[in-house]
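In: Model the structure of this input:
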Amino acid sequence: MSRVAAAKPKPAKKAGMKPKAVYLTVIGIVGFVSLPAFILMLIGSLPMFTAWLYDDDPAKSTGLTVAAMNLGAIIPYVIMVFPHGHNMYAAVSVLESTKTWIVIYAAAGSGWVILALLPGLARKFLKGQLQHRAQKIIDKQKELIQEWGDKVAR
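Out: Numbers count the residues shown, from 1 in each chain. As a prediction, the model looks like this:
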């Protein structure tokens, strides 16, 4: 009889910490360079922070998806602050615009839509692939039975 040592499970890594650290580093650098841009990024990132708080998955896929879409919407408005005086007045004028809020929240909402739709679409795609592969195997099996006889099927 041989003894098989039970493998100890490895502790789960916190996959969501690195993106948070990167984002917080970017916000810190922007805050050091420009206080108006920092405030704009901080206020515009509220949907992303909500998604990170909501997400209980260790991989933080919800937080990352919403963060990517949210950050993609915030960056153009942060860039708009610099040519318009690079001061608090420019940041507040960007924040006062209804269009700014619509774009930022629509982008965050599109992150949620991606999360809602893509798993179902991927499931359907993979199911179709597996059904096609199974049909090919059945066809090949029928071919072999015709070629070699019924004894192959037993």
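
In: tell me which residues of the helix or strand hosting Gly72 are tucked away?
Out: Taking DSSP states H and E as the definition, one finds Gly72 inside helix 61-81. For helix 61-81, a neighbour-count test (16 or more other CB atoms under 10 Å) marks 62-67, 69-71, 73-74, 77-78, 80-81 as buried. C-beta coordinates here come from the backbone N, C-alpha and C atoms, glycine included.

In: And the next helix-or-strand element following it, what's buried?
Out: As assigned by DSSP H and E, the chain's next helix or strand after helix 61-81 is helix 88-96. Across helix 88-96, burial judged by 16+ other CB under 10 Å covers 90-91, 94-95.

In: tell me the two of those residues that are most distant?
Out: For the buried residues of helix 88-96, the maximum inter-member distance is 9.8 Å, found between Ala90 and Leu95 (CB to CB).

In: Tell me which residue is most central in this structure.
Out: Nearest residue to the geometric centre of the chain (CA atoms, centre = their mean): Thr65, 2.5 Å.

In: list the contacts for that residue?
Out: With contact taken as CB atoms under 8 Å, 6 or more residues apart in numbering, Thr65 is in contact with 51, 111, 114-115.

In: now those in CSV, with neighbour count, pLDDT and secondary structure?
Out: What follows is those, written out as CSV (neighbours: other CB atoms under 10 Å; pLDDT from 0 to 100; DSSP: H, G, I helix; E, B strand; the rest coil):
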residue, neighbour count, pLDDT, secondary structure
Ala51, 23, 87, helix
Gly111, 24, 91, helix
Ile114, 15, 92, helix
Leu115, 16, 87, helix
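
In: of those, closest to Arg123?
Out: Distance to Arg123 across the contacts of Thr65 (CB to CB) is lowest for Leu115, with 13.7 Å.

In: Hmm, that closest one is touching Thr62, no?
Out: Yes: taking CB atoms under 8 Å as the definition, Leu115 is a contact partner of Thr62 at 5.8 Å.
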